[in-house]
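Engineer: Need the 3D shape of this:
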Amino acid sequence: VQLPTALQQAAVEASDASSAEVGEGMAPLPVPLAVSGLRRSRLPELEKRLRSRVEIASFAASAAGAATADPSEIFPGSNFAAALSYGDVSAVGIGTTTDTCDGMALAFGHPFLWTGRTALSAHTADAIVIQPDGGFSYKIANPGGVVGTVDQDRLTGLRAALGDGPEPTVVSSTVRSSTTGESRDGRTFVNRDDDVPDIAPFHLLANLDRILDKIGEGRASLTWTLEATDRQGEAFQLRRRNRFANRFDVSFESIFEMLDWLFVIEQLGGNVSYETIDMTSTVNESFDRLQFGAVAVKVNRSRWRDIGSISRLRPNPGALIRVRVGVKRQGSDAVHRTLYRRMRVPHRLSGQSMTLGVFGGASVQGETNIFAATTLNGALQRMRRTESADELLVRLQRGRGPEAPGPLVLAETERLLTNVLGGRRTVGVTVR
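Structural biologist: Residues are numbered from 1 along each chain as shown. Below you'll find the predicted structure:
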């Protein structure tokens with residue numbers, strides 16, 4: 001906002017600002033956002049994902065409580081907090097109460113997220129310090145209990161009805177370490193459906209970081225279940241089970257898929273109403289990942305042949321194709337485990353060209369391409385078909401060859417149960 005000349009001169013005389021600085025105009029200051037549960041290094045990632053129309057300055061704070069507080073603690077000049085979420089991962093804007101009247105409160109004197117109509121929980125807060133930070137200062141405070149519902153977020157400030165808070169989405173997790181045996185249950189309450197796709201994965205990240213107590217290598221299993229209602233009022237459930245392994249940050253690796261899937265559900269679902277998201281994870285501090293060693297095939301009672309040495313298989317209709325996969329730990333040449341799968345060629349495929357593919361689940365997870373879905377139901381179907389990273393898959397597909405496989409004809413799947421598996425081998429097939 002550009003200031004008139006007279007105001008520019010007055011600002012220069014009343015402050016340490018130069019004429020050049022004042023001449024650049026005035027801009028809104030960042031809104032201080034208190035975030036609990038996450039390491040300081042994680043805050044910028046969460047900040048980027050929150051759909052704020054104004055600049056945010058996040059800092060670590062204690063968790064906002066789920067218990068109610070006394071609305072009489074909100075009065076002109078008191079601390080005032082407005083929460084996107086509270087519990088394990090609290091994301092709370094901190095400000096000051098402007099005025100109260102007849103069970104209503106005005107606060108901040110500026111927008112928080114500038115969303116207009118909203119549904120955030122209002123909280124008490126205990127100020128710790130006024131923190132100078134470059135060209136501005138902000139209040140650092142620990143949020144307290146719920147004292148009402150913020151229903152308006154406008155340029156001039158927030159309006160809250162004092163009393164009950166909004167009905168939140170409950171995000172819960174249980175994380176256990178198979179290395180130490182330590183376990184922890186956590187819960188975060190998210191007030192707006194719009195914020196669930198961003199905050200729910202970071203709730204899991206916070207619990208993983210607590211149990212692993214490091215940022216580094218490891219592996220994790222994760223099962224999560226979403227209960228929600230679509231814009232037509234139809235209830236739906238999505239359940240996902242997967243495994244992850246990473247040499248640098250297994251906690252962050254474990255939340256990427258959930259971030260993507262919830263983003264797609266939000267984009268295609270419109271006004272999805274989230275009821276609960278429940279997560280269960282087991283983590284181990286050691287990195288371990290399996291990969292293909294030698295892969296061999298044979299038809300009926302013929303000898304085993306390495307799949308790479310075969311130009312084309314030519315089985316008869318009804319023939320039994322057997323697959324043998326030697327699995328190694330990544331970085332090792334020793335065979336850790338040998339897996340066998342088999343499939344019988346249907347008679348209806350006589351005379352057709354096919355592709356036989358052998359895959360580790362980690363090598364094909366993106367092939368369902370959930371981002372190509374155009375409807376919520378279509379996305380959910382793709383998600384439910386997406387392989388887990390610990391699966392061994394043998395597929396017979398129509399197509400002109402290994403580089404251009406077509407629709408799936410047959411599939412055999414085995415879950416390894418304990419490790420991520422990567423690998424890909426294909427060979428052309430012509431059914432006689």
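Engineer: rest of the way, CA atoms for contacts and neighbours
Structural biologist: Fine.
Engineer: remind me which residues of the chain are low pLDDT?
Structural biologist: Within the chain, the stretches with pLDDT under 70 are 28-29, 51-55, 59-63, 65, 131-138, 399-406, 408, 417.
Engineer: centroid residue for it?
Structural biologist: Closest to where the C-alpha atoms of the chain average out (CA atoms, centre = their mean) is Leu259, at 2.6 Å.
Engineer: sec struct for it, please.
Structural biologist: Secondary structure state of Leu259, per DSSP: H, G, I helix; E, B strand; the rest coil, is helix.
Engineer: distance of it from Phe244?
Structural biologist: Counting by CA to CA, to the nearest Å, the gap from Leu259 to Phe244 is 14 Å.
Engineer: What of Asp209?
Structural biologist: Per CA to CA, Asp209 is found 15 Å from Phe244.
Engineer: quick one, which of these two is more surrounded?
Structural biologist: Neighbour count, other CA atoms under 10 Å: between Asp209 and Phe244, Phe244 has more, with 25 against 20.
Engineer: ok so that one is a helix residue?
Structural biologist: No: using three-state DSSP, the assignment for Phe244 is strand, not a helix.
Engineer: Is it in contact with Ser221, as I believe?
Structural biologist: Yes: under the criterion of CA atoms under 8 Å, Phe244 makes contact with Ser221 at 6.4 Å.
Engineer: Touching, the residue nearest to the centre of the chain and His203? I think so.
Structural biologist: No: counting by CA under 8 Å, Leu259 stays clear of His203, with 11.4 Å between them.
Engineer: residue ranges of the strands in the stretch 201-350 of the chain, please?
Structural biologist: 218-229, 235-246, 273-284, 289-299, 305-306, 320-329, 335-344 (DSSP state E, counting those that start in this stretch).
Engineer: okay, the ones you listed in a markdown table with distance to Thr118 next?
Structural biologist: Compiled in a markdown table, these are given as follows (distance: least, CA to CA, whole Å):
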| stretch | distance to Thr118 |
| --- | --- |
| strand 218-229 | 19 |
| strand 235-246 | 23 |
| strand 273-284 | 15 |
| strand 289-299 | 45 |
| strand 305-306 | 62 |
| strand 320-329 | 51 |
| strand 335-344 | 54 |
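Engineer: among the ones you listed, which is nearest Gln381?
Structural biologist: Set against Gln381 and scored by CA to CA, those come closest in strand 235-246, at 9.7 Å.
Engineer: in its sheet, what does the closest one sit against?
Structural biologist: Pairing partners of strand 235-246, with direction, according to DSSP bridges: strand 218-229 (antiparallel).
Engineer: Give me the buried positions along the strand it pairs with.
Structural biologist: With burial defined by 16 or more other CA atoms under 10 Å, the residues of strand 218-229 counted as buried are 218-222, 224, 226-229.
Engineer: right, and Pro166 touches Asp151 too?
Structural biologist: No: if you go by CA under 8 Å, Pro166 and Asp151 don't touch, sitting 9.4 Å apart.
Engineer: Which residues are in contact with each of these two?
Structural biologist: Taking CA atoms under 8 Å, 6 or more residues apart in numbering as the contact criterion, the residues that touch both Pro166 and Asp151 are 119-120.
Engineer: Just the CA trace of stretch 323-330, in CSV.
Structural biologist: This file holds the C-alpha atoms of stretch 323-330, laid out as CSV (Å, rounded to 0.1, in the frame of the first residue of the first chain):
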residue,chain,number,x,y,z
VAL,A,323,8.7,-68.3,-12.6
ARG,A,324,11.6,-68.4,-10.1
VAL,A,325,13.0,-65.2,-8.6
GLY,A,326,16.2,-65.0,-6.6
VAL,A,327,15.8,-62.1,-4.2
LYS,A,328,18.9,-60.3,-2.7
ARG,A,329,19.3,-57.6,-0.1
GLN,A,330,20.3,-54.3,-1.7
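Engineer: What are the contacting residues of it?
Structural biologist: If you take CA under 8 Å, 6+ apart as the criterion, stretch 323-330 is touched by 288-298, 334-342.
Engineer: my guess is Val190 meets Val170, correct?
Structural biologist: Yes: here Val190 reaches Val170: they are 6.6 Å apart, a contact under CA under 8 Å.
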